[in-house]
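**Q** Got a sequence here, can you model it:
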Amino acid sequence: MVSDLINRDSVSWDPGKVRQCFDWNSSRNILSMELPSNLKDDFLYWKYHPSGRYSVKTGYYFLSRNQMMNDSPLSTKDERFAKLIWSLNIQPKWKIFLWKLLYDGIAVKVNLVNRGIAVDATCDVCGLELEDSQHLFRFCSLAKYVWDNSPMTVCCDITGFQSLRSWIQHFILLFYSEDGRHSTRIIWFIENLWGLWTARNTKVFKGIGVTTATVVELVNLALKDHEVFNEEDKTRDMGGIEARREPTLPPGFNHVDGSWDKASTRAGIGWAFICPNQADTNDGGGKYGTAFSALQCEAWACLEALKWANRQGKEEVLVLSDSVLLLENLRSNQGKEISIAWLIEDIRVIALNFRKCSIIKVTREQVQRANDIANTCRCTLSNLVL
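**A** As a prediction, this is how the structure comes out:
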């Protein structure tokens, strides 16, 4: 029985019994798993998704992951390009659009026919060729006009690029290498692709004739849309900076952080209690142990900090954490990661003991003191009380 491997007094794994029953690697993984603070009934869960819940979405995730594992792995160039796309400061819809283009997932007519949808696959723009992604974005007469008249010197029929994916990769990586991450030419390139797609949809779904002037207008609209997005993004960033400069703090707040080594699963946690009007306050502590993930380590640090504050008789507390994932799990009613389900439940329960308890996301620099404590506990395999 699993219960035989648990020390009932400390509600923790019994390392001796676990290592007696399992090999080293299995023991390490078991000992790093969280345990509930009190008895819980067993329950079924879907192990193929982090949430532990089965749905059509998580089932699709499982099947897609298996398909990706069977496919050939991404090349180094593909991995570098994928990271670049998701890091660009562009609208999310453009990122998804690019991603679909790269994997030929865009709903051009040839793809629709391949999926069993009965449509005439002839290009509605030129009426001469079948409408696949290569034709629509490179070889259609409208596409050639757009690229020939752009300020980027993009050659749509350049040799050596048999797929639309390799052609797009070539120019975006070229602009990135010459201009850097904030390349204006990358934005122009994506805007032209988006303009061609919206022009095509205007013709297909609205029956409105498409001319070169139409595409130019749609590209300009895309540029304005991007500029508005950038301005809103700057406003959000400035608002966040101002909020961090002048935080509204309750009488005391905890810095919390975790330190985790993936190879050994060793973990350290730390918390540092600060009173805004008492700069020399030096309260807090830290512990060492094992953890299954960095997220589990962060949740453990938050729980122990709240337990400490409760024992100290604090009535109001603000917890500062640099973990976005921890906050996302706390905000979700059911939690997003089943691997820390018990920790999240315990955090919510103990938070009810305070008159006011808030947990907010801050930068790593703002929890540096707690991080130093966590590193010390992990490296020295010792608990610490300040």
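**Q** Now for residue 323: which residues touch it?
**A** 294, 295, 298, 361 (Cβ atoms under 8 Å, 6 or more residues apart in numbering). All C-beta atoms are positioned from the backbone trio N, CA, C, and that covers glycine.
**Q** Against residue 202, how distant is residue 194?
**A** In this view, residue 194 and residue 202 are 12 Å apart by Cβ to Cβ, to the nearest Å.
**Q** my bad, residue 337
**A** 43 Å.
**Q** where does the protein have its least confident helix or strand?
**A** Ranked by mean pLDDT, DSSP states H and E, the helix or strand of the chain with the weakest confidence is helix 56-70, at a mean of 69.
**Q** next helix or strand past that helix?
**A** helix 76-87 (DSSP states H and E).
**Q** moving C-terminal of that next one, what's the next helix or strand?
**A** Next element after helix 76-87 (DSSP H and E): helix 92-102.
**Q** Export the next helix or strand after that following helix to PDB, keeping only CA atoms.
**A** For helix 92-102, the succeeding helix or strand toward the C-terminus, using DSSP H and E, is helix 109-114. Taking Å, rounded to 0.1, in the frame of the first residue of the first chain, the C-alpha atoms of helix 109-114 are listed here in PDB:
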ATOM      1  CA  LYS A 109      -8.800  25.900 -51.100                       C
ATOM      2  CA  VAL A 110      -6.400  23.100 -51.800                       C
ATOM      3  CA  ASN A 111      -6.200  22.300 -48.100                       C
ATOM      4  CA  LEU A 112     -10.000  22.400 -47.800                       C
ATOM      5  CA  VAL A 113     -10.300  19.900 -50.700                       C
ATOM      6  CA  ASN A 114      -7.700  17.700 -49.000                       C
END
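**Q** ok, which stretches of the stretch 201-350 of the chain are strands?
**A** 253-260, 266-275, 278-290, 316-321 (DSSP state E, counting those that start in this stretch).
**Q** So for residue 30, which of these sits nearest?
**A** strand 278-290 (9.5 Å; Cβ to Cβ).
**Q** ok now do the closest residue to residue 295 other than its chain neighbours, which residues does it touch?
**A** Spatial nearest neighbour of residue 295, excluding adjacent residues (Cβ to Cβ, 6 or more residues apart in numbering): residue 325 at 5.0 Å. Residues near residue 325 by Cβ under 8 Å, 6+ apart: 295, 298, 336, 337.
**Q** Determine which two of the residues you listed are furthest apart.
**A** Maximum distance among those (Cβ to Cβ): 13.4 Å, for 298 and 336.
**Q** who's more crowded, the two?
**A** residue 298 (28 against 19; other Cβ atoms under 10 Å).
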